[in-house]
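Peer 1: need coordinates for the below:
(chains A, B, C and D)
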Number of protein chains: 2
Amino acid sequence: MRVSQIGRMKCPVARTLSIVGDPWTLLIIRELFLRSRRFEEFQGYTGMAPYLLTARLKQLAKDGVLERRAYQQRPRRYEYRLTDKGLDLYPLVVAMAQWGDRWMVDAAGPPLKLVHKHCGLHSAPGLSCPECGEAVGPRDMRTEMQPVMLADRARMWKRFKHQTRAA
Amino acid sequence: MRVSQIGRMKCPVARTLSIVGDPWTLLIIRELFLRSRRFEEFQGYTGMAPYLLTARLKQLAKDGVLERRAYQQRPRRYEYRLTDKGLDLYPLVVAMAQWGDRWMVDAAGPPLKLVHKHCGLHSAPGLSCPECGEAVGPRDMRTEMQPVMLADRARMWKRFKHQTRAA
DNA sequence: CTTAGTTACTTCAATATTTGAAGTAACTAA
DNA sequence: TTAGTTACTTCAAATATTGAAGTAACTAAG
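Peer 2: As a prediction, the model looks like this:
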């Protein structure tokens, strides 16, 4: 299977991955949350090759994660902004930042601080159940695969078993 | 800059990306949260080439995200399990699952349901401030880059500007 | 005018990675 | 003896990324 076909799986994680499952893409999204808007900024702060940047921006625009719009005529120049779909990736970016802060520590302390505007406290927002408000981790949740997903996985397994049998 | 050097940035997002910023790697991690443990399961349910699977598992073990251990002798067979470091990726996986459920919808409804064991409610856990308990999104938080990160970004920008000037 | 600078790209050849198919190793069960 | 299981490894072809350089369409300075 090709990377480009991951999005065909029924799994929501796989589908998300098909859009933002690439390191350069995620760095671009980080930059957007850090308020970078221009080609040059993405290039400078991520270090990626301009060819790749062009390709990724084009794809992200196509996927509706960001919008490309002219910020001046003569000469025509473009900037890139997160759409609502893109802004909704915030929990993903925060999750990455927090994991990095916890497991890839630097002697210099956390490079990024998040402040909750409302209560004013420096804090690392975490997952919690919207019903009861409790903080939740992997042990607190049960994951139930629905028929559509079970069927898709059965199909993949079958295909895999069939392939190996043929050899 | 090469993908393999992303981890050298001071940014915690970049560092996290250097370990789990690859679609196949994230699919393996999804599988681990879905309780897959064996090589064959990863291969079958992700569809990835065995060569790549070997490489990714080896790297993830090196990075301390999972553990490889023999589950039988004669013939020797191995299984793979998340370490605490790996389990701590849960918010990341949940964030991807939720974004997929919201933005990559399927006519058949959500393929995955998460149930909070304690309160018993089917729910999609979301980000909230641990201090005041409020749900938080990108508009509710202020991101403050600390000196260590500002300096790193300044360095990258300088390098970029210098490069282009030389041409 | 002429030259340098800015910004957003495109092109290209060299290098690196991924893919699909096939093969191997070390067994067990029929 | 033959087929099956599980966890890989090997290989050549296809694909993607890299770094360096180039282009386009301007503006500003001398």
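Peer 1: what are the ranges of the helices in chain A?
Peer 2: Counting by DSSP state H, chain A has these helices, from start to end: A:12-20, A:23-33, A:39-46, A:50-62, A:84-87, A:90-103, A:147-166.
Peer 1: most neighbours per residue, which of those?
Peer 2: Of all those, helix A:12-20 carries the top mean neighbour count, a mean of 24, counting by mean count of other Cβ atoms under 10 Å in any protein chain shown. (C-beta placed from N, C-alpha, C; glycine too.)
Peer 1: tell me who's in contact with residue A:97.
Peer 2: Residue A:97 makes contact with A:112, A:114, B:12-13, B:16 under the criterion Cβ atoms under 8 Å, 6 or more residues apart in numbering or on different chains.
Peer 1: for residue A:132, phi and psi?
Peer 2: phi -110, psi -10 (degrees, to the nearest 10).
Peer 1: same deal with residue A:21?
Peer 2: phi -100, psi 50.
Peer 1: could you do residue A:49 as well?
Peer 2: phi -70, psi 140.
Peer 1: against residue A:28, how distant is it?
Peer 2: Per Cβ to Cβ, to the nearest Å, residue A:49 is found 13 Å from residue A:28.
Peer 1: which residues touch the residue lying closest to residue A:111 once chain neighbours are set aside?
Peer 2: Closest residue to residue A:111 apart from its sequence neighbours, by Cβ to Cβ, 6 or more residues apart in numbering or on different chains: residue B:149 at 3.6 Å. Contact partners of residue B:149, counting by Cβ under 8 Å, 6+ apart, are A:111-112, B:10-11.
Peer 1: which one of those is nearest to DNA strand D?
Peer 2: residue B:11 (16.8 Å; Cβ to the nearest atom of the strand).
Peer 1: number of nearby residues for that closest one?
Peer 2: If you count neighbours by other Cβ atoms under 10 Å in any protein chain shown, residue B:11 ends up with 29.
Peer 1: surely it is in contact with residue A:110?
Peer 2: No - Residue B:11 sits out of contact with residue A:110 when judged by Cβ atoms under 8 Å, with a separation of 10.6 Å.
Peer 1: what's the distance between the residue minimising distance to the centre of chain A and residue A:140?
Peer 2: Closest to where the C-alpha atoms of chain A average out (Cα atoms, centre = their mean) is residue A:20, at 4.6 Å. The spacing between residue A:20 and residue A:140, counted by Cβ to Cβ, is 26 Å.
Peer 1: swap in residue A:39?
Peer 2: 43 Å.
Peer 1: what's the answer for residue A:95, then?
Peer 2: Residue A:95 is 16 Å from residue A:140, by Cβ to Cβ.
Peer 1: equivalent analysis for residue A:104, please.
Peer 2: According to Cβ to Cβ, residue A:104 stands 25 Å off from residue A:140.
Peer 1: before we move on, what about residue A:2?
Peer 2: 36 Å.
Peer 1: of these two, who's got more company?
Peer 2: Neighbours were counted for residue A:2 and for residue A:140 using other Cβ under 10 Å; residue A:140 has more, 19 against 8.
Peer 1: quick one: residues contacting the residue nearest to that one when sequence neighbours are not counted.
Peer 2: Spatial nearest neighbour of residue A:140, chain neighbours left out: residue B:117 (5.6 Å); criterion: Cβ to Cβ, 6+ apart. The contact partners of residue B:117, taken as Cβ under 8 Å, 6+ apart, are A:140-142.
Peer 1: just those: which are in strands?
Peer 2: Applying DSSP state E to the contacts of residue B:117, the entries found in strands are A:141-142.
Peer 1: I figured residue A:13 hits residue B:30, correct?
Peer 2: Yes - at 4.6 Å, residue A:13 counts as touching residue B:30 under the criterion of Cβ under 8 Å.
Peer 1: overlap in contacts of those two?
Peer 2: B:93, B:96.
Peer 1: which parts of chain A sit against DNA strand C?
Peer 2: The interface of chain A toward DNA strand C, taken as Cβ under 7 Å from any atom of the strand, is made up of A:1-3, A:38-41, A:49-51, A:54, A:57, A:68, A:75, A:77-79, A:163, A:166-167.
Peer 1: out of those residues, which touch DNA strand D?
Peer 2: A:49-51, A:75.
Peer 1: of the contacts of residue B:117, closest to residue B:134?
Peer 2: When those are compared for distance to residue B:134 (Cβ to Cβ), residue A:140 wins out at 20.0 Å.
Peer 1: show me what contacts the closest one?
Peer 2: Contacts of residue A:140 (Cβ under 8 Å, 6+ apart): A:129, A:134, B:116-118.
Peer 1: buried among the residues you listed? Make that a PyMOL selection.
Peer 2: Here is the PyMOL command that selects only those of the contacts of residue A:140 that count as buried (16 or more other Cβ atoms under 10 Å in any protein chain shown):
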select buried, (chain A and resi 129) or (chain B and resi 116)
